[in-house]
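What follows is a protein structure lacking sequence information:
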Ligand SMILES: Cc1cc2nc3c(=O)[nH]c(=O)nc-3n(C[C@H](O)[C@H](O)[C@H](O)COP(=O)(O)O)c2cc1C
């Protein structure tokens, strides 16, 4: 039995457990979303493994109303990580159907995150030279100079996204989320640092946003209205190598609302973050996104949510749903546990054995290490 949510003065955390209805009529049992997290637990060919399904099942049973999968590559050569979940072939459909079924069994919606790494799809994984809007090399170890996409390649990738969305729908999933954030292909088109094109895919903001908007419209045209279409976007990136400006992204948010998306997922390390461009304003970026976004479109906030107060803050700033990442790795039953009085958030770094109990297998542990989330025992022997 779930305890009654705590009453935290003017915050209203009980809202977190109320059902939410998207404008297309699809409902979730609560406002809590498992954030997309790459976990490297799929097989080499992109088929979802029992381990990854178990990881997701634990979070569905733990009470998350929506489960967003790890980023899933829509083409074989769009792969960005070892053990990445794939959706580039019909052979992925049966595994995705198991993801849909485990969500349904617990009353959660299962959503597939669609991904193309662009210049961050290394040859080591794909066997081919990475592609990007322009031949711009990022100064990161292991990144090679990408080749610039030709017009026909761009059209093909748009079609690949639509095809991947159709596979997700055929698998019985509730929707897809386009991974437009964190420096991958969509962000490479949006940023003036990585997009130097002078054709209709580069230059003005309208041109740089065209790829994202074309993918939205291609997907919208092949899936039914009750199939959720979300977009994850970073609103601001101050890095000179791949950055973009918040006012531009708020314009993109407005266009996405008009293009018929069902939700916008604002990527952030902290739901309380304000804009670097307007340091004195004190306004959280999610509030800015809410103001720019069509009222009918749901807003998902993410970043640093560990307690009810954090989640309630996001709702108070205009989010409809709150996604939880790192805390949900350690606490699969966060929706049930965070309401218990005296709940103490996960004390990262955690010992491998503790993470393994929460469905984190060896490849996922390896991925988590650089994030500083794993406490490695000095003797290395007690695992
Ligand atoms: C291990 C790990 C893997 C992640 N993988 C993805 C991913 O595949 N797609 C994505 O959009 N974000 C990814 N993220 C970002 C998270 O979804 C989330 O935005 C971020 O961790 C901040 O939320 P948190 O503070 O609740 O962890 C990942 C984060 C972590 C820690």
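That came through fine. None of the values given here were measured: they were computed from a predicted structure.

all contacts plus neighbour counts: C-alpha atoms, from now on.
Noted.

Give me the neighbour count for residue 259.
As a burial measure, residue 259 scores 14 neighbours (other C-alpha atoms under 10 Å).

now the one 3 residues further on
Each residue near residue 262 was counted by other C-alpha under 10 Å, and the total is 24.

next one: residue 75
By other C-alpha under 10 Å, 21 other residues sit near residue 75.

Could you pull up the residues touching residue 332?
Neighbouring residues of residue 332 by C-alpha atoms under 8 Å, 6 or more residues apart in numbering: 58, 59, 62, 358.

Could you rerun that using 6 Å?
59, 62 (C-alpha atoms under 6 Å, 6 or more residues apart in numbering).

Renumber starting at 45 from here on
Taking 45 as the first residue, the last one we looked at is residue 376.

May I have the phi/psi pair for it?
Summarising the backbone geometry of residue 376 under the convention degrees, to the nearest 10, its torsions are phi -60, psi -30.

Tell me the pLDDT of it.
Model confidence at residue 376, given as pLDDT, is 98.

The longest helix seen in the chain - contacts with which helices or strands?
Looking across the chain with DSSP state H, the single longest helix is helix 195-214. Other elements packing on helix 195-214 under the criterion 3 or more C-alpha pairs under 6 Å, 6 or more residues apart in numbering; DSSP states H and E are helix 254-264.

what pLDDT does the closest residue to the ligand within the stretch 195-344 of the chain get?
Checking the stretch 195-344 of the chain residue by residue against the ligand with C-alpha to the nearest ligand atom singles out residue 313 as nearest, at 4.6 Å. With respect to pLDDT, residue 313 has a value of 93.

Isn't it up against residue 347?
Yes - here residue 313 lies in contact with residue 347, judged by C-alpha atoms under 6 Å, at a distance of 4.3 Å.

quick one: which of these two has more around it?
Using other C-alpha under 10 Å, the more surrounded residue of residue 313 and residue 347 is residue 347, with 22 against 12.

contacting residues around the more buried one?
312, 313, 314, 315.

With residue 108 instead?
For residue 108, the contacting residues are 76, 77, by C-alpha under 6 Å, 6+ apart.

Would you mind listing what in the stretch 195-344 of the chain touches the ligand?
Along the stretch 195-344 of the chain, the residues adjacent to the ligand under the rule C-alpha under 6 Å from any ligand atom are 223, 311, 312, 313.

One more pass at 5 Å, please.
Taking C-alpha under 5 Å from any ligand atom as the test, the list of the stretch 195-344 of the chain residues beside the ligand reads residue 313.

what about the strands in the stretch 195-344 of the chain?
Applying DSSP state E, counting those that start in this stretch to the stretch 195-344 of the chain gives strands spanning 219-223, 272-278, 307-311, 342-346.

In its sheet, which strands sit next to the first one, and in what direction?
In other words, strand 219-223. For strand 219-223, the paired strands and their directions (DSSP bridges) are strand 153-159 (parallel), strand 272-278 (parallel).

Mean pLDDT and mean neighbour count added to those strands, as CSV?
Written out in CSV, the entries for the strands paired with strand 219-223 read as follows (pLDDT from 0 to 100; neighbours: other C-alpha atoms under 10 Å):
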stretch, mean pLDDT, mean neighbour count
strand 153-159, 99, 28
strand 272-278, 98, 23
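
how about those strands in CSV, adding distance to residue 59?
Output for these, formatted as CSV (distance: least, C-alpha to C-alpha, whole Å):
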stretch, distance to residue 59
strand 153-159, 18
strand 272-278, 22
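
So stretch 115-128, near the ligand or not?
Yes - residues of stretch 115-128 are located near the ligand by C-alpha under 5 Å from any ligand atom, namely residue 115.

who's in contact with that stretch?
For stretch 115-128, with C-alpha under 6 Å, 6+ apart as the criterion, the contacting residues are 82, 84-88, 90, 129-132, 157-161, 165, 170, 205, 208.

try it again with 8 Å
Residues external to stretch 115-128 that are found in contact with it (C-alpha under 8 Å, 6+ apart): 80-88, 90, 114, 129-132, 156-162, 164-166, 169-172, 174, 201, 204-205, 208, 223, 407.

if I look at the residue of the stretch 195-344 of the chain closest to the ligand, how far off is residue 418?
To residue 418, residue 313 is 19 Å away according to C-alpha to C-alpha, to the nearest Å.
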